[in-house]
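*Asks:* Turn this into a model:
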Amino acid sequence: MTAFLHRHFQWLILVGATTAAGATFAQDSCLSQFYQQTPPVLVKSSLQKNSFPLCFNGFNVMYSGASKTPLWSAERLTATRLSQKIKREDQFHEEQQVPEQFRATLADYRASGYDRGHMSPNADMPDKSSQYDSFSLANMVPQAPKNNQEIWRKLEEATRGLVKKHKQDVYVVTGPIFTGQRLKTIGKGKVIVPSAVFKAVYMPKTGVIGAYYAPNNNSQQVEVVSICEIEQQTGLNLFPKLSVDVKRKIYDLPLSTTDLQANALPKLLKTDQKSECAEPSGTTADLRSLQQSFDQAVQQTTDQVTQHVEKTVQQEGENWLKKLFEVLLEFLLKLFKS
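*Replies:* All right, here's what the predicted structure looks like:
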């Protein structure tokens, strides 16, 4: 029984530390998820309506109340971060930080024929708090099953492989692309189904850059394109601090972990001279205002983490008391028998 009590006191200490760490992580890392602490910019003015900056643990999102999906999800991957291994626990949930009328719901996705596709993937997350956040529907798009479970999974693994093999930081921006006159929707909430998905990758130390582009269907097609091509299709400036010349470059990013070479970084394939790149966005004051919008989102995230941990503590506390009672009862029965 002493061992039982010792084990559960350790658990209580761990929960307290996790609560504090989760809040600190959110406060310290919000802007650090962006290259040079600068979020992607919504260049196309129509994207700005009913958009919500969300600072999560381990990644950030610009959420659209129009499409009811993220417009982008950004994260900074490091070798240290990816060295943390945690067991996957599916905790899909509706995002409470988004006003109810703009939220995607679990019911919207149910029996839709589409997966709830992570933009910043669960496997990139270093702890339980960030893993929980990654299952927010604010980080999801309706994704074709084979796209999500096959080709996209391989691209996510390949991106992590770049970080692990070369021990370099990688800035990643992932999101949907909406093209065409008549886009499909799912659910009563009319969540818009993307025509394609993208993952933009930049390694500052070596200049490796490019973007994966995959049609959102079951064809499992994918190609590596320039950042400029994605910017032209989305109306976003994905890396506002990078020059147009850098964003035109296309490196041969790996399509799976089998394409990774131990001592060889991706090589420059070509330069995209056709696509219209997003120009440097706004004034310094405009960019600072955008940064502040994510600073303001930090407190909401911290409060959300605290509420989630408090709920977990309550549930585990009830389980702890039940187990304690069972152990005491077993102890007393043995005592009487002796």
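
*Asks:* For the host helix or strand of residue 131, give the mean pLDDT please.
*Replies:* Assigning secondary structure by DSSP states H and E places residue 131 in helix 128-134. For helix 128-134, mean pLDDT is 95.

*Asks:* for stretch 195-208, same thing?
*Replies:* 98.

*Asks:* let's number from 19 now, not from 1
*Replies:* Fine by me, first position is 19 from now on; the one you just mentioned is stretch 213-226.

*Asks:* Now that stretch - C-alpha only, CSV.
*Replies:* The C-alpha coordinates for stretch 213-226 follow below in CSV (Å, rounded to 0.1, in the frame of the first residue of the first chain):
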residue,chain,number,x,y,z
SER,A,213,-9.4,21.2,-53.5
ALA,A,214,-5.8,20.6,-52.4
VAL,A,215,-3.5,20.8,-49.4
PHE,A,216,0.0,22.2,-49.1
LYS,A,217,2.9,22.0,-46.7
ALA,A,218,5.6,24.7,-47.0
VAL,A,219,9.0,23.9,-45.6
TYR,A,220,12.0,26.2,-44.9
MET,A,221,15.4,25.3,-43.3
PRO,A,222,17.1,28.6,-42.5
LYS,A,223,20.5,27.2,-41.8
THR,A,224,21.0,25.8,-45.3
GLY,A,225,18.3,27.6,-47.3
VAL,A,226,16.4,24.5,-48.3
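
*Asks:* Pull out the buried positions in that stretch.
*Replies:* With burial defined by 16 or more other C-beta atoms under 10 Å, the residues of stretch 213-226 counted as buried are 213-222, 226. Bear in mind the C-beta positions are built from the backbone N, C-alpha and C, glycine included.

*Asks:* ok so, going back, so what does the helix holding residue 149 touch, helix or strand wise?
*Replies:* helix 20-47, helix 302-355 (3 or more C-beta pairs under 8 Å, 6 or more residues apart in numbering; DSSP states H and E).

*Asks:* what do you get if the cut-off is 10 Å, keeping everything else the same?
*Replies:* helix 20-47, strand 87-95, helix 302-355 (3 or more C-beta pairs under 10 Å, 6 or more residues apart in numbering; DSSP states H and E).

*Asks:* looking at the ones you listed, which has the lowest confidence?
*Replies:* helix 20-47 (a mean of 46).

*Asks:* partners of the residue nearest to residue 137 when sequence neighbours are not counted in the sheet?
*Replies:* Spatial nearest neighbour of residue 137, chain neighbours left out: residue 91 (3.6 Å); criterion: C-beta to C-beta, 6 or more residues apart in numbering. Listed beta-bridge partners, residue 91: residue 79, residue 192 (assigned using DSSP bridges).

*Asks:* Can you give me the neighbour number for residue 91?
*Replies:* 30 (other C-beta atoms under 10 Å).

*Asks:* Low-confidence stretches in the stretch 69-218 of the chain?
*Replies:* Along the stretch 69-218 of the chain, no part satisfies pLDDT under 70.

*Asks:* So residue 130 belongs to a helix, correct?
*Replies:* No: applying DSSP: H, G, I helix; E, B strand; the rest coil, one finds residue 130 to be coil, outside a helix.

*Asks:* Starting from residue 114, give me the distance back to the nearest residue to it once chain neighbours are set aside.
*Replies:* Spatial nearest neighbour of residue 130, excluding adjacent residues (C-beta to C-beta, 6+ apart): residue 204 at 4.0 Å. According to C-beta to C-beta, to the nearest Å, residue 204 stands 21 Å off from residue 114.

*Asks:* who has more neighbours, the two?
*Replies:* residue 204 (19 against 14).

*Asks:* ok, that one - contacts?
*Replies:* 86, 122, 126-132, 160, 210-211 (C-beta atoms under 10 Å, 6 or more residues apart in numbering).

*Asks:* Same list, those residues, but as JSON lines with neighbour count and distance to residue 107 please.
*Replies:* Shown next, in JSON lines, are the contacts of residue 204 (neighbours: other C-beta atoms under 10 Å; distance: C-beta to C-beta, whole Å):
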{"residue": "86", "neighbour count": "27", "distance to residue 107": "24"}
{"residue": "122", "neighbour count": "29", "distance to residue 107": "20"}
{"residue": "126", "neighbour count": "21", "distance to residue 107": "22"}
{"residue": "127", "neighbour count": "21", "distance to residue 107": "18"}
{"residue": "128", "neighbour count": "10", "distance to residue 107": "20"}
{"residue": "129", "neighbour count": "8", "distance to residue 107": "23"}
{"residue": "130", "neighbour count": "16", "distance to residue 107": "23"}
{"residue": "131", "neighbour count": "11", "distance to residue 107": "25"}
{"residue": "132", "neighbour count": "23", "distance to residue 107": "22"}
{"residue": "160", "neighbour count": "27", "distance to residue 107": "22"}
{"residue": "210", "neighbour count": "19", "distance to residue 107": "28"}
{"residue": "211", "neighbour count": "20", "distance to residue 107": "27"}
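
*Asks:* Out of those, which comes closest to residue 252?
*Replies:* Closest to residue 252 out of the contacts of residue 204 is residue 210 (13.5 Å), distances taken as C-beta to C-beta.
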